[in-house]
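Engineer: Please work out how this folds:
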Amino acid sequence: INRQRGVAIITALLIVAIAATVSVTISTRLQLDVRRTGNMIAGDQAYLYTLAAESWAQRILKDDREENDIDHLGENWAIELPPLPVEGGYIQGRLTDLQSCLNMNALLDTGADIAVARTRLERLLGVLGIDSGHAQAVIDWLDDDLQTMIPDGAEDVYYMNLERPYRTANTPMQSISELRLIKGFEDTQVYDAVLPHVCAFGVDAPINVNTASAEVLRSLADDLTESDVENIIEQRNDTPFDDINAFTSFNDLKNKISSTENLSVDTEYFMQQTESSIGQVRVITYSIIHRSSIDGNTSVIARSQGVF
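Structural biologist: Have a look, this model is predicted:
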């Protein structure tokens, strides 16, 4: 009888242990499901906030076009706002001029004078203390052939022999982050030095001299000095250039800048970067906004998103 009672007690304890284990498992899964659902809701909420910021940016750009026909860094769209509190978190964003940088896709033969784009890139690299031959590797990455430019280009033969091989894109860049894959730019120092002054989008848009960085301005001519660029920036901060003639007439720049091709004083393409944080979820979106130079209407032509 005592032996039977002992077996019964052990059996009961075993049943209780199994029940407890099942209960804990169910409870844990329930908590995970609740947290997962909460994160999904927070992610959707954060994404909707980024879309709201996108609409707000479009409105600012449209209002700006109604006020004037030029664009410069003293306008409302160029002011970076601090993080704004929203229910459950915060949102912050900034608009940048996509025409203040050198567009890598301008190096493609799409009807524009790619020689001008190539020369400007080579000058920019020189200003940054980087071998100008890197421009050949960029062109090889973009063009649709597999003929390597001599001596610094790179096509499949080079990339397929890397430790982690891959092929040349041979298409326009979809993101400037592709630059990190190109021969010479895999060096972090080189990539970080070039990144603030270059961009990649699908339209061969002119450089806005009212918003371009000092390094990009120096890429416009071989003999533009730091002093020349400092004077340009000082002048445009005081009185932005109304047209390219006003720009080239300043300090006789026309005697140094031989080509004014693809230069402007207004902008059609902007990048809206928005970060929205709700609870434990952070959403970052990058939106390319086009503003028509004719009627000022805006539209989002590309959008990418990351959730963290």
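
Engineer: I'd like the next helix or strand past the top helix by length along the chain.
Structural biologist: Counting residues, the longest helix in the chain under DSSP state H turns out to be helix 2-67. As assigned by DSSP states H and E, the chain's next helix or strand after helix 2-67 is strand 84-86.

Engineer: quick one: strands adjacent to that following strand?
Structural biologist: strand 89-97 (antiparallel) (DSSP bridges).

Engineer: from the chain's centre, how far out does the partner strand sit?
Structural biologist: 13 Å (Cα atoms, centre = their mean, to the nearest Å).

Engineer: Repeat that for stretch 101-120.
Structural biologist: 19 Å.

Engineer: Restricting the selection to alpha carbons, write that stretch to CSV.
Structural biologist: This file holds the C-alpha atoms of stretch 101-120, laid out as CSV (Å, rounded to 0.1, in the frame of the first residue of the first chain):
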residue,chain,number,x,y,z
CYS,A,101,26.0,67.2,-54.8
LEU,A,102,27.5,65.4,-57.8
ASN,A,103,25.1,62.8,-59.2
MET,A,104,27.1,59.7,-60.0
ASN,A,105,24.5,58.6,-62.6
ALA,A,106,25.4,61.7,-64.6
LEU,A,107,28.4,59.6,-65.7
LEU,A,108,26.2,57.5,-67.8
ASP,A,109,25.9,58.3,-71.5
THR,A,110,22.2,59.5,-71.4
GLY,A,111,22.6,62.4,-73.8
ALA,A,112,24.4,64.8,-71.4
ASP,A,113,28.0,65.6,-71.8
ILE,A,114,29.5,62.9,-69.6
ALA,A,115,33.0,64.4,-70.1
VAL,A,116,31.9,67.4,-67.9
ALA,A,117,30.5,65.1,-65.2
ARG,A,118,33.7,63.0,-65.3
THR,A,119,36.0,66.0,-65.0
ARG,A,120,34.0,67.4,-62.1
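
Engineer: So which bits of stretch 58-69 are buried?
Structural biologist: Q58, I60, L61, D64, R65 (16 or more other Cβ atoms under 10 Å). Using the backbone N, CA and C atoms, a C-beta is placed for each residue, glycine as well.

Engineer: ok, back up a step: got the angle between the longest helix of the chain and strand 89-97?
Structural biologist: Per axes from the mean of the first three to the mean of the last three Cα atoms, to 10 degrees, the angle that helix 2-67 makes with strand 89-97 is 40 degrees.

Engineer: Now do the contacts for the residue lying closest to F247 once chain neighbours are set aside.
Structural biologist: Closest residue to F247 apart from its sequence neighbours, by Cβ to Cβ, 6 or more residues apart in numbering: F241 at 4.4 Å. F241 makes contact with I70, V209, N210, Q235, F247, F250, V265 under the criterion Cβ atoms under 8 Å, 6 or more residues apart in numbering.

Engineer: Show me the beta-bridge partners of L95.
Structural biologist: Beta-bridge partners for L95, by DSSP bridges, are Q272.

Engineer: shouldn't it be in contact with W77?
Structural biologist: Yes - the pair formed by L95 and W77 meets the contact definition of Cβ atoms under 8 Å, at 4.8 Å.

Engineer: quick one: common contacting residues for those two?
Structural biologist: By Cβ under 8 Å, 6+ apart, the residues touching both L95 and W77 are A57, I60, L61, F270.

Engineer: and those residues, which two are the farthest apart?
Structural biologist: I60 and F270 (9.8 Å; Cβ to Cβ).

Engineer: what touches both of these two?
Structural biologist: Here I60 and F270 have W77, L95 as joint contacts, going by Cβ under 8 Å, 6+ apart.

Engineer: what residue ranges in this structure score low on pLDDT?
Structural biologist: 1-7, 34, 109-113 (pLDDT under 70).

Engineer: in which helix or strand would I find the closest residue to D143 other than its chain neighbours?
Structural biologist: Counting by Cβ to Cβ, 6+ apart, the nearest residue to D143 once its immediate chain neighbours are dropped is N170, at 6.6 Å. According to DSSP H and E, N170 maps onto no helix or strand at all.

Engineer: Could you count how many residues lie near N170?
Structural biologist: 14 (other Cβ atoms under 10 Å).
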